[in-house]
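Enquirer: just the structure for this:
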Amino acid sequence: MSAGALVLLGTAIPATAQTDTTTVEFWHSFGGSSGAALDRIIENFEAAHPDIDIEAEHVGNYNDIVARLQAAIPANRAPDAVIMEVTRYGLFADRGVLLDLTDKVAADPLSDDLFDFAREVGVFEGKNYIVPFNSSTPVLYYNADILDRAGFDEEPPLETYDDLLTVAQQVQEELGDEGIRGISAPGQFARWGLIMANDSDLIDSTTGEILIDAPNTVEAYEWMADLVHEHDVASPDNVTDEDTGKEDFLAGRSAIMMNSTGNYGESKEALGDALKVRPMPCNKVCATPIGGAGIGIIASAEARVQDAAYDFISFAASPESNAIWFSETGYMPINRHTADQQLAKDALADKPGIDVAINQLDVARGRPRPPVVTWMRATEYDMWQAMALGQREVEETLQDFAEQTRREEQRQN
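Expert: Presented below is the predicted three-dimensional model:
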């Protein structure tokens, strides 16, 4: 045998081995400490499944994923698996983009280990399209050091709209000259929670009725908008760029933030013992939305890739993986056995407030996920900006928004 033949033979071995590896292209939305926790779960999975390679790519936030997926599908450049926010995957399920996972989930022993809320968020029109990964509710965070400096000798009530406004105004009065705001303007997830706390919703999760212009919804938006342009306790910058609300809170420039429990990890890292976590306020009722996302599989992926992707999805929802995720990020446990893991026990013992979202589950509920929700959520940002900046009256804006949503719903149907 010639030397050239030996070289060719030597190079053929890795190529054959490489052919036996199944690669799963996976789009996600996690950076920072959350991204590191996801990397750890992927490393563990690949160690247990050396024939599967999870090619993970951070493509931005939930909105970015929706936009990029919509562009990738007609170009045949979609990934194999993707993180899908729990109110927006219905659009892709309805159009046949996502694989129906009903049979895979039913045959997976994991399905019996998931909490009821976790199983429910993956079901659209009676079929399972995503398996939960990161589940959350909004919670109320506050900076105890700022409240102490503003003259609060003990924790003030934080249970109603009026309570929050009272605290925010005192902080603003005492510390506003130092560039400290009383509260961060609520992002969309928190806005939805505040609407629910006022005994309303944007869309009824059972009947599908559009409630954007319902009186209690209007009242909730009026209160939220007034934080910015009437009372000046929240920054207009938080309205035009919602990320700045969290940035201000983490930097000690805002006393109160309502945001996902998934922000616990970075908030604790930034504020240490000054971070306090409380349930979302109950204004007229105690109610809060379940958010977060699950992992879906693209229907056009090859069968062996779909199988490999589901193996990863199931692994990611196992108690061992979920304990890593919960302890590092603050997202809620989705597996009934997560709390039995030592990592989870340590987090519950050593990280005050990480259990607030779990304790809030009694009043938490899923949100609607028909296709129109994706359009509605994208449109809501501009409507909110117009109201919060005082460019349009709240009631008129929401009546217009509701009518647009009803027309869009009819168009999609």
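
Enquirer: for the stretch 201-350 of the chain, what spans make up the helices?
Expert: Secondary structure of the stretch 201-350 of the chain, counting by DSSP state H, counting those that start in this stretch: helices at 215-229, 237-240, 243-250, 264-271, 303-316, 319-329, 342-350.

Enquirer: so which of those gets nearest Asn198?
Expert: Minimum separation from Asn198 across these (CB to CB) falls at helix 215-229, 4.2 Å. Using the backbone N, CA and C atoms, a C-beta is placed for each residue, glycine as well.

Enquirer: next, the buried residues of the closest one.
Expert: Buried residues in helix 215-229, counted by 16 or more other CB atoms under 10 Å: 216-221, 223-228.

Enquirer: and those as JSON lines, adding distance to Val305 and pLDDT?
Expert: Formatted as JSON lines, the buried residues of helix 215-229 follow (distance: CB to CB, whole Å; pLDDT from 0 to 100):
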{"residue": "Asn216", "distance to Val305": "46", "pLDDT": "98"}
{"residue": "Thr217", "distance to Val305": "43", "pLDDT": "98"}
{"residue": "Val218", "distance to Val305": "48", "pLDDT": "98"}
{"residue": "Glu219", "distance to Val305": "49", "pLDDT": "98"}
{"residue": "Ala220", "distance to Val305": "44", "pLDDT": "98"}
{"residue": "Tyr221", "distance to Val305": "44", "pLDDT": "98"}
{"residue": "Trp223", "distance to Val305": "48", "pLDDT": "98"}
{"residue": "Met224", "distance to Val305": "44", "pLDDT": "98"}
{"residue": "Ala225", "distance to Val305": "47", "pLDDT": "98"}
{"residue": "Asp226", "distance to Val305": "51", "pLDDT": "98"}
{"residue": "Leu227", "distance to Val305": "47", "pLDDT": "98"}
{"residue": "Val228", "distance to Val305": "47", "pLDDT": "98"}
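
Enquirer: quick one on the thing from earlier: so for Asp177, which of the helices of the stretch 201-350 of the chain sits nearest?
Expert: With distances scored as CB to CB, the stretch of those nearest to Asp177 is helix 243-250 (16.0 Å).

Enquirer: picking up where we left off before, nearest to Phe117, out of the helices of the stretch 201-350 of the chain?
Expert: Closest among those, using CB to CB: helix 319-329, at 13.8 Å.

Enquirer: can you give me the angle the closest one makes with helix 303-316?
Expert: Helix 319-329 and helix 303-316 are oriented at 60 degrees to each other (axes from the mean of the first three to the mean of the last three CA atoms, to 10 degrees).
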